[in-house]
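A.B. asks: Structure, please.
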Amino acid sequence: MLLKNIGIDAIIGYLRVLHPLFFISAVGLYIFSIFISSIRWSLFIEQKIKLKTLFSIYMIGSFFNICLPGIISGDGVRIYYLSKELKKGNSSSVLDNRSLISQKPNVVAVASTFMDRYLGLLALMIIGIITFPFGFKYLEESSKRHLFIWLVPFLFIFLIMGSLLLFKLNFFKRFEFFSNMGDYLKKYSSRRNIMVEGFIYSLFIQILSIFSAYLLSIGMSLEVPILTLLMYMPLIIVASLVPLSVSGIGVREVAFVFFLSSVGISPTVAIALSMAWYLSIVIASLGGLLVYLRFRS
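C.D. replies: Next comes the predicted model:
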């Protein structure tokens with residue numbers, strides 16, 4: 001409906017003028033961000049698994065993200081393949097035999113994947129909090145958007161409260177699986193050096209994602225300011241996480257239009273940028289299909 005009201009021809013016109021070099025750069029940045037994400041993921045896995053294997057699993061997860069509802073559905077695929085790797089028992093643990101990893105590989109797969117995703121979301125919220133003062137005046141001037149002025153701070157507070165339940169209170173301790181997972185999370189949350197390192201990786205990954213959107217805007221001569229993307233991309237990405245459609249299609253475009261129009265960017269430009277950004281992710285994620293076929297064989 002949104003495309004019909006705006007005009008698909010105008011959007012395709014922007015995509016046609018997209019310079020191939022900028023598009024390839026965006027694809028490369030996404031693949032590089034997956035590699036960095038694999039390094040971050042390895043921080044929360046006790047057992048030593050080759051980085052190449054983790055990168056392959058991450059690529060498979062990325063591929064399924066474009067095939068399933070939301071943009072984190074591929075995490076379930078990552079958990080499945082990591083669990084299989086841990087159950088092989090042919091890699092050495094950095095802890096003793098009493099380590100949880102030798103007893104509960106499924107718990108480790110879920111917990112490590114959760115920590116990987118959690119730090120990414122935390123970094124995204126921090127970027128949103130830092131840029132919040134710059135975006136406040138734009139949203140405040142629009143009566144249709146006044147309810148969204150405090151969305152980032154609300155999400156940040158919600159994330160902190162959820163963190164307390166998981167890391168401190170062990171809210172789900174009555175259930176064995178969640179209790180084990182809580183113990184695992186508490187153990188790693190107390191290792192500040194690992195948490196700081198993972199958070200730094202997360203900031204870098206999120207900035208790469210936002211910068212790739214900026215490169216695409218330059219490639220289409222859209223002239224979308226980098227500050228605008230820093231302000232609103234966290235909200236757009238969070239909106240895309242909601243599993244309302246396959247790979248967030250439609251939800252992401254509405255979010256692009258909603259937030260970028262507050263700074264005077266036309267809906268046509270916003271959707272063109274959204275589609276170019278999504279296409280770069282799709283092309284990069286297709287490599288995960290090849291890895292998936294190899295894993296199956």
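A.B. asks: Which residue comes closest to the residue most central in space within the chain once chain neighbours are left out?
C.D. replies: In the chain, the C-alpha closest to the average C-alpha coordinate belongs to Gly120, at a distance of 6.2 Å (C-alpha atoms, centre = their mean). In space, and not counting its chain neighbours, Gly120 is closest to Ser202: 4.9 Å by C-beta to C-beta, 6 or more residues apart in numbering. C-beta here means a position set from N, CA and C on the backbone, and glycine is covered the same way.
A.B. asks: just checking, that neighbour touches Tyr118?
C.D. replies: No - counting by C-beta atoms under 8 Å, Ser202 does not reach Tyr118; the two are 9.0 Å apart.
A.B. asks: which of these two has more neighbours?
C.D. replies: The neighbour count for Ser202 versus Tyr118, taken as other C-beta atoms under 10 Å, is higher for Ser202 (24 against 20).
A.B. asks: Mind giving me the packing neighbours of the one helix or strand that one maps to?
C.D. replies: Per DSSP states H and E: Ser202 is located in helix 192-219. Packed against helix 192-219 by the contact rule (3 or more C-beta pairs under 8 Å, 6 or more residues apart in numbering; DSSP states H and E) you find helix 20-42, helix 105-141, helix 176-189, helix 226-241, helix 267-296.
A.B. asks: Lowest mean pLDDT across those, which one is that?
C.D. replies: Lowest mean pLDDT within these: helix 176-189, at a mean of 67.
A.B. asks: Could you report the neighbour count for Cys69?
C.D. replies: Not Cys; residue 69 is Pro. Quick note: Pro69 (other C-beta under 10 Å) scores 16 neighbours.
A.B. asks: Name the nearest residue to Leu216, ignoring sequence neighbours.
C.D. replies: Nearest to Leu216 is Ala276, by C-beta to C-beta, 6+ apart, at 4.5 Å.
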